[in-house]
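Engineer: here is my input; please provide its structure:
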Amino acid sequence: MALGLDVAPDLDVASRLELRRITKRYGGLTANDAVSLSVAPGEIHAVLGENGAGKSTLMKIIYGAIQPDEGEIFWEGENVVMSSPAVARRLGVSMVYQHFSLFETVSVVENIVLTSPGRFNLPALAMRIKELGERYGLPVDPYRLLHHLSVGERQRVEILRCLLQSPKLLILDEPTSVLTPPAARRLFEVLRTLAAAGCSIVYISHKLEEIRDLCDNATVLRAGKVVSTARPKEVSAADLARMMVGTAIAAVARAVAPPDPEQAPRLEVRRLSTSSEGPFGVTLRDIGLSVHGGEIVGIAGVSGNGQRELLAVLNGEIPCAQEAVLLSGEPVGHLGVAERRRRGLAFAPEERLGRGAVPDLTLEENGLLTGHRRGAVRGGLIDRGTTTLFAQNIIEQFDVHCRGPAATAASLSGGNLQKFIVGREIGLAPAVLIVSQPTWGVDVAAAAFLRQRLIDLSRHGAAVLVISEDLEELLEICDRIAVLYQGRLSAAMPRHATDIEQIGLLMAGVGLSAEAAA
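Structural biologist: Sure thing, here's the model as predicted:
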């Protein structure tokens, strides 16, 4: 079993991977339409496009997870059939999926060993995982169970699992979507080191500035077709965005009128403290927070510092002291999820599949999960007309690319499913909306759209709490920003009175004790 980052030296071939007219259809939908591209040894090649443009389908074809209907794949000059991920891995292909392929009930080291060939030594592998994590700024406890990890920590596991395989071709689908800027920079250093040693990298991201900083070449997809190629360092982020969507991206507009500070907060947290669940949980310590109607408050922080626990308490999944959480002045700490929703709380979690939506249910049925109080259930019976209309309205208003309300959640791209879930919660016209990682894995146009809808919701009187690891996002849409570090929350700072540097210091714990909310 490979336990290092040694990469085979460059071969005397023009390309490591070449795709020729790859086509994949799903019924009447053509996901990839005669796509051709070439990736050389040591090249970092970006694949860009809107949500639903066919990027993930193309990556799964390269990795052998699905088979193309037409076209050819050449690996180091030889025509090959990527009949399965096992075949791809034997050739030297590794992939980090946007939706993680990890087992919830086993540990980090056990997840990694499941895809490692040959005999294994768990203690030695665990030590290597810890060493690599510390070396490349992707720390993770190898013996921690997956279901205790946040999304950002799971991302680290996926990346480490690939790096341990010493890949010749590494496919990364939105690898920095839940990484902080310092962690992303460290990842870029790892990728540049791999590329310098001859590893080819195919890189998918909606963060166009990081594409410009990292990638050598880019292939742009739209509606499944290659519409453009570019050298990212030679064009602007706006140019790349126009290639992706075919038009300029509208800027997010903020209303200038702030909320009335004298108004009673819609959501209030008072001296909230909880004990951690199990040895790997995070204890919340004396957290104080308020969100007024008409404002957006953001919470920044490195993944794994208590975001998961705080969300569970605010959402009602974990009960707390009755007076610790208030909705519109009424204590609700002892109430569960359903009762808090009845009182006007809506919630969009970071985990799209599994928590935000049930993969095998249709969009109509997933809309019913939280929208059943909008007249969709009468006398104990489901009104199919109402549920279909509710789902159809979300699809139209949030530009969800799918085959209609009867499409399953699992059939949507990650970004389109995110638009549906956030749209479903906004469609409930909540008094309070809590949303975690609202634009994770969402393309630039959809991200701007979702951020604008969150601003619009707040300016119509709702209180919006956003938990995000995207600092630029928080600075763009929030009125106040707090930082969560090891279970403690800083005081919420006005957006105009802070910047990325100050927030970054708080995320590292510098000055938090002086800033922590009482």
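Engineer: quick one, grab the pLDDT at the spatially closest residue to residue 264 that is not a sequence neighbour.
Structural biologist: Leaving aside its sequence neighbours, residue 264 sits nearest to residue 329 (CB to CB, 6 or more residues apart in numbering; 5.4 Å). Heads up, the C-betas are built off the backbone N, CA and C, glycines and all. With respect to pLDDT, residue 329 has a value of 92.
Engineer: how close does residue 329 get to residue 292?
Structural biologist: Separation of residue 329 from residue 292 (CB to CB, to the nearest Å): 12 Å.
Engineer: which one of the two has more residues nearby?
Structural biologist: More neighbours surround residue 292 than the other of residue 329 and residue 292, with 22 against 9 (other CB atoms under 10 Å).
Engineer: next, that one: phi, psi?
Structural biologist: Phi and psi for residue 292, reported as degrees, to the nearest 10, are phi -90, psi 160.
Engineer: and if you look at residue 470?
Structural biologist: Taking degrees, to the nearest 10, you get phi -90, psi 100 for the backbone angles of residue 470.
Engineer: could you measure from it over to residue 451?
Structural biologist: Distance from residue 470 to residue 451, by CB to CB: 10 Å.
Engineer: the two: which is more packed in?
Structural biologist: residue 470 (23 against 20).
Engineer: I'd assumed residue 439 was in contact with that one.
Structural biologist: Yes: between residue 470 and residue 439 there is a contact at 6.8 Å, judged by CB atoms under 8 Å.
Engineer: you'd agree residue 170 is up against residue 94?
Structural biologist: Yes: between residue 170 and residue 94 there is a contact at 5.3 Å, judged by CB under 8 Å.
Engineer: neighbouring contacts of the helix or strand where residue 446 lies?
Structural biologist: Here residue 446, judged by DSSP states H and E, is contained in helix 444-459. Here helix 444-459 makes contact (CB atoms under 8 Å, 6 or more residues apart in numbering) with 50-51, 206, 208, 241, 244-245, 249-255, 257, 293-296, 398-399, 415, 418-419, 422-423, 426, 430, 433, 435, 438-439, 442, 464, 466, 473, 476-477.
Engineer: quick one: mean pLDDT for it?
Structural biologist: 91.
Engineer: what's the mean pLDDT across the helix or strand following it?
Structural biologist: Moving toward the C-terminus from helix 444-459, the next helix or strand (DSSP H and E) is strand 463-467. When pLDDT is averaged along strand 463-467, the result is 96.
Engineer: likewise stretch 271-282?
Structural biologist: pLDDT averaged over stretch 271-282 gives 79.
Engineer: could you list the low-pLDDT ranges of this structure?
Structural biologist: Applying pLDDT under 70 to the chain flags residues 1-13, 98-99, 151, 178-182, 248, 250-251, 254-262, 277-280, 511-518.
Engineer: okay, domains of it per the record?
Structural biologist: 17-245, 267-344+430-515, 359-428 (automatic domain parsing).
Engineer: which one of those lies closest to residue 352?
Structural biologist: Closest to residue 352 of these, according to CB to CB: domain 359-428, at 5.1 Å.
Engineer: chain center to that closest one, what's the gap?
Structural biologist: 20 Å (CA atoms, centre = their mean, to the nearest Å).
Engineer: specify the local secondary structure of residue 484.
Structural biologist: Assigned state for residue 484: strand (three-state reduction, DSSP: H, G, I helix; E, B strand; the rest coil).
Engineer: ok, it touching residue 301?
Structural biologist: Yes: contact criterion CB under 8 Å: residue 484 and residue 301 qualify, at 3.8 Å.
Engineer: common neighbours of these two, please.
Structural biologist: Residues touching both residue 484 and residue 301 by CB under 8 Å, 6+ apart: residue 307.
Engineer: and the residue nearest to residue 264, how close does it get to residue 210?
Structural biologist: According to CB to CB, residue 329 stands 43 Å off from residue 210.
Engineer: now residue 35
Structural biologist: In terms of CB to CB, residue 35 sits 23 Å off from residue 210.
Engineer: and residue 47, by the same measure?
Structural biologist: 14 Å.
Engineer: neighbour count for these two, which is higher?
Structural biologist: Taking other CB under 10 Å, residue 47 and residue 210 do not tie; residue 47 has more neighbours (27 against 21).
Engineer: check contacts around that one.
Structural biologist: 37, 55, 58, 59, 202, 203, 204, 218, 219, 221.
Engineer: equivalent analysis for residue 174, please.
Structural biologist: Contact analysis of residue 174 by CB under 8 Å, 6+ apart lists 98, 204, 205, 206, 414, 440, 441.
Engineer: what sits against residue 299?
Structural biologist: 307, 310, 465, 466, 467, 468, 481, 482, 483, 484, 489.
Engineer: quick check: closest non-adjacent residue to the last one.
Structural biologist: Read that as residue 489. Counting by CB to CB, 6+ apart, residue 287 is the residue found nearest to residue 489 once chain neighbours are left out, at 4.6 Å.
Engineer: ok so the one you found is a helix residue?
Structural biologist: No: Residue 287: not assigned to a helix; according to three-state DSSP it is strand.
Engineer: between residue 170 and residue 94, which contacts overlap?
Structural biologist: Shared contacts of residue 170 and residue 94, counting by CB under 8 Å, 6+ apart, come down to residue 162.
Engineer: okay, these two: which has more neighbours?
Structural biologist: Set residue 170 next to residue 94 and count neighbours by other CB under 10 Å: residue 170 wins out with 27 against 24.
Engineer: next, residue 341: secondary structure please.
Structural biologist: Under three-state DSSP, the three-state class of residue 341 is helix.
Engineer: the closest residue to it other than its chain neighbours: what's it in contact with?
Structural biologist: Using CB to CB, 6+ apart and skipping residues adjacent in sequence, the residue nearest residue 341 is residue 370, 7.0 Å away. Going by CB under 8 Å, 6+ apart, residue 370 touches 341, 346, 424, 425, 428.
Engineer: grab the nearest non-local neighbour of residue 499.
Structural biologist: Here the residue nearest residue 499, using CB to CB, 6+ apart, is residue 475, at 7.6 Å.
Engineer: nope, residue 369 is what I was after
Structural biologist: In space, residue 369 is closest to residue 358, 7.3 Å off (CB to CB, 6+ apart).
Engineer: shouldn't that neighbour be in contact with residue 368?
Structural biologist: No: counting by CB under 8 Å, residue 358 sits too far from residue 368 to count as a contact (10.4 Å).
Engineer: looking at the two, which is more packed in?
Structural biologist: Set residue 358 next to residue 368 and count neighbours by other CB under 10 Å: residue 368 wins out with 23 against 15.
Engineer: the residue nearest to residue 264 and residue 469, how far apart?
Structural biologist: 31 Å.
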